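Engineer: just coords:
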C-alpha cells in the first residue's frame, strides 16, 4: 500500500509535466482536424464551438479528388521514403567510417559539411537549378532526391557520428575475434546498438523531405508530379480563401509524418544496448 | 596488398555520402560568395563587380543591426527553450513506467507541421476576433476582451518564440531520448551499488553519454533557427513595427524581394561569417569534451 | 586504437560495395521519370505542331478545369500540338519565373500580374503580342488594361480578365441603424463608428500586416480619391503630399476607432475572413468577395452589396481606386511561338470566353468590353443576383490601374506593393507614436532608395 502510494507520488510530477506538454503539442492538430470536419458556414461562426455539429468529409473530398492532392500525396511518399532510405544507407556507413577509420580527418570534414546549413535555401536555389538542368535532372524525382540528400546527409552524418562514438569498442573487437567482417560488424553489431539514434535521424529526414517546398516547386515542372507540400501552398494563395479546404489539406500533409513516426517510434524506446553491452 | 585493400574498403564507407554532398554544394556555395561582390540582378545576366559596396551598404544600415539583435534574441530564446523542454520531456519519458509510447507520439506531433501549416493554423487559433484561444480566455474570464497575441508589442515576441519552441522541442526530445538509450545500464547499476545518488549518477554517467548529442543539436538548431525565414514571415511578416524582423526577413526585404541577388548574397555571407564564428567556438568546446573523454 | 587494427573479412566488404552500387543504380532507375520531349522546329506556315507549356495561376477548381478543356479542344483541332498546363498559385509563380529565368526554364505561355509583366518586359523576356490583340479586336480591350503591358509602342500582354476594388457593405446592418450607404470618407467613418459593436461586429477592419500589401492598398484609395498618386510623375514615391498625409491620418484614426486591435498585423486572408464571417460591416475588396461569402456564410449573401469607393468630397466623381487587369503573356524563349499565339487567341472565342468568365461570376469580369453586354454572359444566377454590385465594379474598372501605374507600367509599382514599407510606416505610427509626417518622410526616403537600388532613374 505505502509503496504504491510512494510510487504514485514519484510519478505525479513527470505525468503532470508530460500531460501538459502533450495537450499543448497535440492541440493545434486536434483543432485543425476538428475544423476540417466542419461545414464552411459552421467554421465561419462561433469560434468556441468544439465538436462539429454535422461532421462532413466534403473538404477532404474536395482536396483529395477535385484538387488532385491524392496523387501529390503519393509523390511525396515516394520522394521522402527514397530520401530517407538513401540518407540512412549513406550516412550510417559514413558516420561509422569516420568514427572508426578516420577520426581526425572525419571530425574536420563533418564540421565543414555543416556549413551547408548556413546558407538559406532560397539563395542556393538558382545555382542548384542550373546544376539540375545541366545534369538533365530537371523535372525528375532523381534530381529532387539528390538535392534533399545533399541537405540531409550532412545532418545525418553529424548526429550519427555522435551516436556511433558511444559504441564500446570492446564489443566490436569481440565480433572480430568471432570472425565477422568489417561490414558485418558495422551492420549487425554497431548499428543495432545505435538504432534509436538511426531512427531519430530517419524521422528527421523523412519529415524534412516530406515538408520541403521550395526545391520541389523549382525543380519539378509538372503539377501532377509535385509533392503535396507544393499543392498546399497553392491553396493559401488564391483570390477566394477557403479555410475548410486549407484545414483538410493541412491534415493530409501532417498525418503521413505522424503515421511514419508511429510506425518506427518504438525503436527509439527499445535501445539494444542493455542486451549487447555486458 | 592486403593492407591496401583494406584502406580502399574503408574509403568506401565514407565516399558515397561525401561525393553527393560536395558535388551538389561546392558550386552553389561558391557562386553565392562570388555574387556577393557583384550587383547581379536575378533577372539579368549582365552584372558588374562592386567590391565591398554591398557589404558597406548593409553594415551601415541601422535596420540590419535591429534585425541582428532580433535574430540573436529569437535564436537564443527559441533554442534554449527547445532544449529545456525537449530535455525534461525526454527525462520524464524515461522515468514513467506506462503510456510512454502514447506520450512520445503526442509530443512529436508539432514536428510534423510544415511552416505554412504552422503559420496559418496558429494565425487561425490566435486571431483576436475569430481565434479559439483569445475567445476562450475571454469566456473563462482571464481577459476582459480578446487578447491580440500576434500584434501586441508586449507579447508578440514571446508568442513567436513559444511557437518555435512548440515546433522544435520534439527534435531535441527524440534525439536526447535516443542518446539516453545508449547509456549502458551496467554502469548505472554499478554506480547504484556504489551508493551514488540520482544527481551523481546523472552527472557522472548519463550526462557524459548524451552531452555530445546535445552539443551537436544545439549547433544545428542554432544555425537552423538563425537562418529560418518562413516561420516568422508566415506568422507575423516581421511585424508589428519590425519587432520580429530577423536577418533572413531583412535579407528578403533588401535583396531577394527586389531580385537583387548580389545584395541578398552579401547579407547571406555576413550571416555565414557570423555563424561560422559561433560554430568555431562551439566546435572547440565539443572537441575538448572529446579529448577529456578519450583520456 | 581500433582504426589501426588489421581486420579480416575482405570478401564481405567487396560484396557490400557491389550492393551499394547496385542499390544506387536501382534507386536511380526507379525514380527517373522522363523529362519533357524535345523542341519542335518552327515554321511560319503549315500545320501547327510541338509542345506547349502553359503556367496558369487559375488555381480554383472550375477555372483550372476550363483551361484543361480548352487545351483538349485545341489539341483536337491541331493534333500535333501537345499542351501541358501547369497550375501554380501567384506566389509560387513569382518564385518559379524569377529563378526560372535565371536558370533558363520558362514556359511558352503564362498568366502574369501587371507588376510582373513590367519586370518581364524590362529584361526582354516577352514576345510582342500585338498580332493577337489585333486579331481579337484591339478596340474590344480597355485602353488602360492594354497600357499596363506596353513599352515603346509594343504590347507584351493580352488582358484576360479584370477586377477592381470597391466598398462592400452589409445592407442589414446599415438598415438597422437607418443609415445611408456612405459616399464620402467622412460619411464612411461616421457609419463605421455607428456600426461598431465589438466583439460582435466591427465597423471596419483596417489591415496593416507586413506580409501583405493591404496598408498600401488602403492608402492608395484615399490618395486616388484626391486625384493624387503614390508615385509622382517623376517616378518617385510620394507619401508627403497633402493627400497622402491626410490619408495616413485617416486610416490611423479609423484603425483606432473601429478596427480590431490585431488588424495591425492582418494580411489579406485575416481581413477577408472577418467579412466572410460577418464580423465587419464594411470591407474593401473586389467581386471575389461574392464567392468567399457564398461559401463561408451563405445566409449573409442577401445582405451584402458593393458601392463605389468613398469620395473625398460629396459631389466628387466616382474614381478608379485600384483595378487589376490580369493578362496572358507569350515568353520570348518559347521555341513554338506561333502555336502559342494561336492557342492564346483560341481562348477568346466568345462562347468559350464567357464560360471562362462564368467560372468565378462577379469575381472575374470580362476584359472584352462587348462581352459585358452579351445576353449569354448576363445569363448567370450570381450575376443576376448581384447585378447592381457587379455593374459598380464594371464602371470603375476602366477608371483605375494597378497601384502606382497611373501613368504607365513602372518597376516602382512592384516595389511599393511588395516591400511592406508603407505597412511598416503605419505600424510605426500606431505602436511607437512616431509623428505622421516624420514616418511618412522616412518611408518615402526608404522607397526611393529601394527604387534606385533596383535601377530606376527618376525623370
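Structural biologist: Thanks, I have the structure now. Just so it is clear, the model here is predicted, and its values are computed rather than measured.
Engineer: in the stretch 151-278 of chain A, which segments are predicted with low confidence?
Structural biologist: Scanning the stretch 151-278 of chain A for pLDDT under 70 picks out the ranges A:236-240, A:269-278.
Engineer: Alongside chain C, which residues does it contribute?
Structural biologist: Selection of the stretch 151-278 of chain A residues close to chain C by CB under 8 Å from any CB of the partner chain yields A:169, A:172-173, A:176, A:179-184, A:214, A:217-218, A:221-223, A:225, A:230, A:233-243. Using the backbone N, CA and C atoms, a C-beta is placed for each residue, glycine as well.
Engineer: distance between the ends of stretch C:123-131?
Structural biologist: 21 Å (CA to CA, to the nearest Å).
Engineer: Which single residue in chain B comes nearest to chain C?
Structural biologist: residue B:237 (2.8 Å; CB to the nearest CB).
Engineer: who are the neighbours in contact with that residue?
Structural biologist: Residue B:237 makes contact with B:249, C:209-212, C:265, C:267, C:420, according to CB atoms under 8 Å, 6 or more residues apart in numbering or on different chains.
Engineer: Can you tell me which of those has the most neighbours?
Structural biologist: Counting neighbours by other CB atoms under 10 Å in any protein chain shown, residue C:265 leads the contacts of residue B:237 with 32 neighbours.
Engineer: Just list the residues touching that residue, thanks.
Structural biologist: By CB under 8 Å, 6+ apart, the contact list for residue C:265 reads B:150-151, B:156, B:236-237, B:239-240, C:208-210, C:427.
Engineer: what's the lengthiest helix in chain A packed up against?
Structural biologist: Counting by DSSP state H, the longest helix found in chain A is helix A:2-36. Under the contact criterion of 3 or more CB pairs under 8 Å, 6 or more residues apart in numbering or on different chains; DSSP states H and E, helix A:2-36 touches helix A:243-264, helix B:62-95, helix B:100-108, helix B:115-126, helix B:156-181.
Engineer: circling back to that earlier point, narrow the contacts of residue C:265 to those that are buried.
Structural biologist: For the contacts of residue C:265, a burial check counting by 16 or more other CB atoms under 10 Å in any protein chain shown picks out B:150-151, B:156, B:236-237, B:239-240, C:208-210, C:427.
Engineer: nearest to residue A:71, of these?
Structural biologist: Of all those, residue B:237 has the smallest distance to residue A:71: 32.3 Å, by CB to CB.
Engineer: give me the element the closest one is part of.
Structural biologist: Of the helices and strands defined by DSSP states H and E, none includes residue B:237.
Engineer: where's it relative to chain A, distance?
Structural biologist: 14 Å (CB to the nearest CB, to the nearest Å).
Engineer: what do you get for residue B:108?
Structural biologist: Note on residue B:108: its distance to chain A, by CB to the nearest CB, is 5 Å.
Engineer: which residue packs closest to that residue, ignoring adjacent ones?
Structural biologist: In space, and not counting its chain neighbours, residue B:108 is closest to residue B:170: 4.6 Å by CB to CB, 6 or more residues apart in numbering or on different chains.
Engineer: now swap in residue A:94 and tell me
Structural biologist: residue B:17 (3.8 Å).
Engineer: ranges for the strands of the chain?
Structural biologist: You didn't pick a chain, so chain A it is. Applying DSSP state E to chain A gives no strands.
Engineer: wrong one, chain C
Structural biologist: Under the criterion DSSP E, chain C contains strands at C:50-56, C:81-87, C:109-111, C:150-151, C:154-155, C:158-164, C:166-170, C:202-204, C:280-285, C:304-307, C:323-330, C:365-366.
Engineer: List the residues that contact the closest residue to chain B within chain C.
Structural biologist: In chain C, the residue that lies nearest chain B is residue C:211 (2.8 Å; CB to the nearest CB). Contact analysis of residue C:211 by CB under 8 Å, 6+ apart lists B:233-234, B:236-239, C:267, C:420.
Engineer: cool, residue A:218 as well?
Structural biologist: Residue A:218 touches A:125, A:128-129, C:95-96, C:99-100, counting by CB under 8 Å, 6+ apart.
Engineer: how close does it get to residue A:131?
Structural biologist: Counting by CB to CB, to the nearest Å, the gap from residue A:218 to residue A:131 is 12 Å.
Engineer: And residue A:198, by the same measure?
Structural biologist: 29 Å.
Engineer: of the two, who's got more company?
Structural biologist: Per other CB under 10 Å, whichever of residue A:198 and residue A:131 has more neighbours is residue A:198, with 25 against 21.
Engineer: Please report the distance of that one from residue B:171.
Structural biologist: Relative to residue B:171, residue A:198 is positioned 15 Å away (CB to CB).
Engineer: my guess is residue B:240 is in a strand, correct?
Structural biologist: No: Residue B:240 is assigned coil when assessed by DSSP: H, G, I helix; E, B strand; the rest coil, not a strand.
Engineer: quick one on the thing from earlier: secondary structure element holding the residue nearest to residue A:94?
Structural biologist: Using DSSP H and E, residue B:17 sits in helix B:2-35.
Engineer: Can you give the distance from the next helix-or-strand element following that helix to the centre of its chain?
Structural biologist: Using DSSP H and E, the helix or strand that follows helix B:2-35 in sequence is helix B:53-59. Counting by CA atoms, centre = their mean, to the nearest Å, helix B:53-59 is centred 27 Å from the centre of its parent chain.
Engineer: Would you mind checking the average pLDDT for helix B:53-59?
Structural biologist: What helix B:53-59 shows for mean pLDDT is 91.
Engineer: which helices and strands does it pack with?
Structural biologist: helix B:261-294.
Engineer: So for the contacts of residue A:218, which is the shakiest by pLDDT?
Structural biologist: residue A:125 (77).
Engineer: Give me the contacts around stretch A:55-62.
Structural biologist: Counting by CB under 8 Å, 6+ apart, A:36-39, A:244-245, A:247-248, A:251-252, C:61 sit against stretch A:55-62.
Engineer: before we move on, what about stretch C:66-82?
Structural biologist: For stretch C:66-82, contacts defined as CB under 8 Å, 6+ apart pick out C:37, C:47-52, C:54, C:56, C:58, C:83-85, C:87, C:339, C:342-343, C:346-347, C:352, C:355-356, C:359.
Engineer: Mind giving me the PyMOL select for the residues you listed, buried ones only?
Structural biologist: To isolate in PyMOL the members of these that are buried, counting by 16+ other CB under 10 Å, one can use:
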select buried, chain C and resi 48+49+50+51+52+54+56+58+83+84+85+87+339+342+343+346+347+355+356+359
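Engineer: Could you list which of the contacts of stretch C:66-82 also contact chain A?
Structural biologist: Near chain A, by the rule CB under 8 Å from any CB, you find C:84-85, C:87 out of these.
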